[in-house]
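S.K.: sharing a sequence plus its predicted fold:
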Amino acid sequence: MALTTYAELKASIADWLVRDDLTTVVDDFIDMAEADMNRHLKHWRMEERATLSVSGQYTDLPTDFIAFRKVTLSDTVPRRMELMSRATMQGEREAASDTTGAPEYYALTDGDLEVFPSPDDTYSVDLAYVEKVPALSDSNTTNWVLDNHPDLYLAGSMIYASAYEKDDQAEAKWQARFNGLLENINRESDRARFSGAGLRTKINSY
């Protein structure tokens, strides 16, 4: 059976389970597999960019945001902003009596981008970030993971299918398979990212 679309993935899971009565819960198996991918998959295809209009202390982040890569203030001369802990930022804000100006620091606060100083104008901020795997659905029938690594989707879904059926042995088998695939895919991403050039040691702020 081909394994290139959401419908084909669901059919394959049913075939592996030798059951055709789990139509509703198969969607849950896939959703939970995607949650595992978002926690553990580290691939260059998950790197995304967005331009944010920052005019206040807090700015909404993209709905598919997982983690920061780089935040740059797009001024006349673009300037990389520095990551700061929430506690340190709060201390700096209090010490400066919440002064305003061009933002220099950022933090993740309650799911938003928090900047300091608070903007005295509207600023354009270039956000490089790690995005979630685009969730499969009836309207979004494929994504880059299913296109390139359908075995990861199947293994991840079968972990939860096995748990649903209370088959501990099968669950452990699929978990081991999923972990091995994750390791190989992450290693493949590293090879693609760093191939063709000598490496230099660099300390990143993220």
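M.R.: Now that the structure is in, tell me what you want to look at.

S.K.: just the strands from the protein, written as ranges.
M.R.: Along the chain, counting by DSSP state E, strands occupy 47-54, 58-60, 65-73, 79-80, 82-83, 100-101, 105-109, 112-116, 118-119, 123-131.

S.K.: of these, flag the one that's most buried.
M.R.: Most buried of the strands of the chain, by mean neighbour count (mean count of other CB atoms under 10 Å): strand 112-116, with a mean of 22. From N, CA and C alone the C-beta is placed, and that goes for glycine too.

S.K.: contacts for that strand?
M.R.: 52, 54, 57-61, 71, 81, 84, 86, 89, 92-93, 103-108, 125, 127 (CB atoms under 8 Å, 6 or more residues apart in numbering).

S.K.: that strand to strand 47-54, inter-axis angle?
M.R.: 60 degrees (axes from the mean of the first three to the mean of the last three CA atoms, to 10 degrees).

S.K.: using PDB, list the CA coordinates for strand 112-116.
M.R.: What follows is strand 112-116, C-alpha atoms only, in PDB (Å, rounded to 0.1, in the frame of the first residue of the first chain):
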ATOM      1  CA  ASP A 112       4.400  35.700  23.600                       C
ATOM      2  CA  LEU A 113       7.600  37.500  22.500                       C
ATOM      3  CA  GLU A 114       8.500  40.000  25.300                       C
ATOM      4  CA  VAL A 115      11.000  42.700  24.500                       C
ATOM      5  CA  PHE A 116      13.000  45.200  26.400                       C
END
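
S.K.: quick one: average pLDDT of that strand?
M.R.: The pLDDT scores in strand 112-116 average 97.

S.K.: tell me who's in contact with residue 131.
M.R.: 46-48, 62, 64-66.
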